[in-house]
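Student: A structural model of the following input is requested.
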Amino acid sequence: MGTAWRGVSPVCDARAVRPTLFEFAGGEPAFLALATAHHQRCLRDPELNHPFSHPGQHPQHVERLAAYWAEVMGGPPRYSQTCGDQSGLLHMHAGNGDMSDLGRRFVDCFVNAADDAALPADPEFRAALRAYMEWAVEEMLAYPSPDTPVPAGLAMPRWSWDGLQTGAPSP
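Tutor: A predicted model of the protein is given here:
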C-alpha cells in the first residue's frame, strides 16, 4: 500500500520555513524604528545632512521610508499601494550626478541605525540588511545624469535571506 510514513515532510514542517526579513526584524514597528534612527543619523552626517533636511521633504518621509523598506523585506505592500512603484522612487533620486561617497555614507548610517533601532543582532540577518542596502544604493546611483531615463513600471524589489528575488509574486 505505498511507502510507510517516515515523519514530518519538510514541506509541512513549520520549523523549516524561515520568517521573512520583515518578520524577523519585528514587523512594522521595527522598520519605523530603523527609518527613524537612519534619518537621525543622516541628519547628523555633515554630507548627508542636506538631502535629509531640505525644506521640500515630504512631511511623512520617515514613515514612507519605513513602509518602503518593510515592503521590500517581505512586509505588506503599503508603500506601493500609496506612494508608487520602484520607477517612481528611482526617478525621485535620479539626476543628482556622482554621489558615490554619499552612497557609502548612507550605507554606513543604515548599518549603524540597525543597532540604534535594536534590530536583531543575528549575523546572517545583519549581512542580509547590509547586502540589501549596498544593492539599493547602487540601484539609486544608476541614474546620475538627468539625460538617463528611468524605465517606467519597475516592480518593487523583494529582498530575502538569499538576496534579491527575481520573478517573485507580489504579496
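Student: what's downstream of the helix or strand of the chain with the lowest mean pLDDT, the next helix or strand?
Tutor: Counting by mean pLDDT, DSSP states H and E, the chain has its least confident helix or strand at helix 49-53, which shows a mean of 70. For helix 49-53, the following helix or strand on the C-terminal side (DSSP states H and E) is helix 61-72.
Student: next SSE after that following helix?
Tutor: Once the chain leaves helix 61-72, the next helix or strand it forms, by DSSP H and E, is helix 78-82.
Student: just give me the neighbour total for residue 141.
Tutor: Residue 141 is flanked by 18 other residues according to other CB atoms under 10 Å. C-betas here are computed from N, CA, C, even on glycine.
Student: give me the pLDDT for it.
Tutor: Residue 141 carries a pLDDT value of 84.
Student: I'd guessed it sits against residue 101; true?
Tutor: No: taking contacts as CB atoms under 8 Å, residue 141 lies outside contact range of residue 101: 10.5 Å.
Student: look up the closest residue to the residue most central in space within the chain, ignoring the ones flanking it.
Tutor: The structure's the chain has its C-alpha centroid closest to residue 69; by CA atoms, centre = their mean the separation is 3.5 Å. Using CB to CB, 6 or more residues apart in numbering and skipping residues adjacent in sequence, the residue nearest residue 69 is residue 31, 5.2 Å away.
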